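Asker: my questions are about this predicted structure, shown below with the sequence.
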Amino acid sequence: MFIVTLIARPGGLDPALTDSLRNAWGGGDIVWLSPDEAAEFVLPEVPANRWQVWEDVQGMGVDLAVQPVESRRKAMLLADMDSTMIQQECIDELADAAGVGDRVKDITARAMNGELDFDGALTERVGLLKDLPESVIGDVLERRITLMPGGPELLATMKAHGAYAALVSGGFTAFTAAIAARLGFDEHRANTLLVAGGRLTGEVEKPILGRAAKVQALEEITARLGLTAADVLAVGDGANDLGMLTLAGTGVALHAKPSVQVECDLRINHGDLTALLYLQGYAKSDFVAR
């Protein structure tokens, strides 16, 4: 059996659309997870026209997901940070402060879309930050970094139901430590910016944490917890997230780059991070505030 979930911004899901799709696909009773925002129904098989319908409802501001009913509620969250748990790319914000913002942002965009080697792109961008005062990191965290909407509810709700949460980033530990503590992640992994005399050296500690390291984190953490990849919900937006997204039992491309979306069956482009709760069958009334 499969479950179809429709998710939109609050007030954006038309009951008539939900009824029409359920009837066209011969689905079961509609369950509203949140009025006018999220609904689901069961199907015996994946519809042949799934992706055509997905494209149609995208134009209406609605995300459509089809996944197996069994074991969709996960015991572990594995999340990317930049443009996933937060709304910014930390290295881009540091680059703005260093006066090289446009150059770094272009490299970041190309790397996240899989056009550039991640390790090389990170090394080049960090090199442009050489001599930036270390104190700028704290300023950026305080003034420029904002949480992705729905993140606190996602963490609090999954953890209230016994899930483990790990933050894995190709960014920097100076940021993941703060974001992990703020949101309640159990652990975090990222790259370390090297500092000498209170200034960035323009180098990052080796080995660089990229795509392979995120897969390694999934494998190591699940083994330690006695879980399997099938127990994991992974979320990310960039090409360096694809390994963990495809390995996890549920891999969600969140507001992701085009090259990432085409590799993932579950894509959220309109909803926020609470969409990951709806995908697991949580109703809005189940959400835990943090």
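Answerer: Yep, that arrived.

Asker: so which residues of the stretch 1-150 of the chain form helices?
Answerer: 15-25, 50-58, 90-98, 101-112, 118-127, 135-143 (DSSP state H, counting those that start in this stretch).

Asker: who touches the fourth one?
Answerer: Outside helix 101-112, the residues that touch it by C-beta atoms under 8 Å, 6 or more residues apart in numbering are 83, 89, 91-92, 95, 116-118, 121-122, 124-125, 128, 237-240, 257. The way it works is simple: take the backbone N, C-alpha and C, and place the C-beta from them, glycine included.

Asker: thinking again about what came up before, tell me the most buried of the helices of the stretch 1-150 of the chain?
Answerer: When the helices of the stretch 1-150 of the chain are scored by mean count of other C-beta atoms under 10 Å, the highest mean neighbour count falls to helix 90-98 (a mean of 22).

Asker: what packs against it?
Answerer: Helix 90-98 sits against helix 101-112, helix 118-127, helix 135-143, strand 164-172, with contacts defined as 3 or more C-beta pairs under 8 Å, 6 or more residues apart in numbering; DSSP states H and E.

Asker: picking up where we left off before, for residue 282, find the nearest of the helices of the stretch 1-150 of the chain.
Answerer: Residue 282 lies closest, by C-beta to C-beta, to one member of the helices of the stretch 1-150 of the chain: helix 15-25, at 18.0 Å.

Asker: how near is residue 284 to residue 33?
Answerer: Computed with C-beta to C-beta, to the nearest Å, the distance linking residue 284 and residue 33 is 6 Å.

Asker: tell me which of the two has more neighbours.
Answerer: residue 33 (22 against 16; other C-beta atoms under 10 Å).

Asker: any idea how far the closest residue in space to the more buried one that isn't next to it in sequence lies from residue 143?
Answerer: Leaving aside its sequence neighbours, residue 33 sits nearest to residue 283 (C-beta to C-beta, 6 or more residues apart in numbering; 4.5 Å). As judged by C-beta to C-beta, residue 283 and residue 143 stand 36 Å apart.

Asker: my guess is residue 146 meets residue 87, correct?
Answerer: Yes: contact criterion C-beta atoms under 8 Å: residue 146 and residue 87 qualify, at 5.0 Å.

Asker: quick one: which of the two has more around it?
Answerer: Taking neighbours as other C-beta under 10 Å, residue 146 and residue 87 compare with residue 87 leading, 15 against 9.

Asker: any chance of the helices and strands packed on helix 90-98 in TSV, plus mean pLDDT?
Answerer: Compiled in TSV, those are given as follows (pLDDT from 0 to 100):
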stretch	mean pLDDT
helix 101-112	89
helix 118-127	92
helix 135-143	95
strand 164-172	96
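
Asker: so which helix or strand of the protein has the lowest pLDDT on average?
Answerer: Sorted by mean pLDDT, DSSP states H and E, the helices and strands of the chain end with helix 101-112, the least confident at a mean of 89.

Asker: which stretches of this protein form strands?
Answerer: With strands called from DSSP state E, the chain shows them at 2-8, 31-34, 38-43, 62-68, 76-79, 164-172, 187-191, 193-196, 199-204, 232-236, 250-254, 266-268.

Asker: closest to residue 50 out of those strands?
Answerer: Checked against C-beta to C-beta, the stretch from the strands of the chain lying closest is strand 62-68, at 5.7 Å.

Asker: what comes up buried for the closest one?
Answerer: Residues of strand 62-68 classed as buried: 62-67 (neighbour count, 16 or more other C-beta atoms under 10 Å).

Asker: distance between that strand and the chain's centre?
Answerer: Distance of strand 62-68 from its chain centroid, counting by C-alpha atoms, centre = their mean, to the nearest Å, is 16 Å.

Asker: likewise for stretch 233-240?
Answerer: With C-alpha atoms, centre = their mean, you get 5 Å for stretch 233-240.

Asker: all further residue positions should be reported with the first residue as 10.
Answerer: Noted, 10 is the first residue going forward, which turns the last one into stretch 242-249.

Asker: output that stretch as PDB, nothing but the C-alphas.
Answerer: Output of stretch 242-249 as PDB, limited to C-alpha atoms (Å, rounded to 0.1, in the frame of the first residue of the first chain):
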ATOM      1  CA  LEU A 242      14.700  10.600   7.300                       C
ATOM      2  CA  ALA A 243      17.300  12.600   5.500                       C
ATOM      3  CA  VAL A 244      16.800  16.100   4.200                       C
ATOM      4  CA  GLY A 245      19.000  18.400   2.100                       C
ATOM      5  CA  ASP A 246      19.100  20.700  -0.900                       C
ATOM      6  CA  GLY A 247      22.500  20.300  -2.600                       C
ATOM      7  CA  ALA A 248      24.400  17.900  -4.800                       C
ATOM      8  CA  ASN A 249      26.600  16.900  -1.800                       C
END
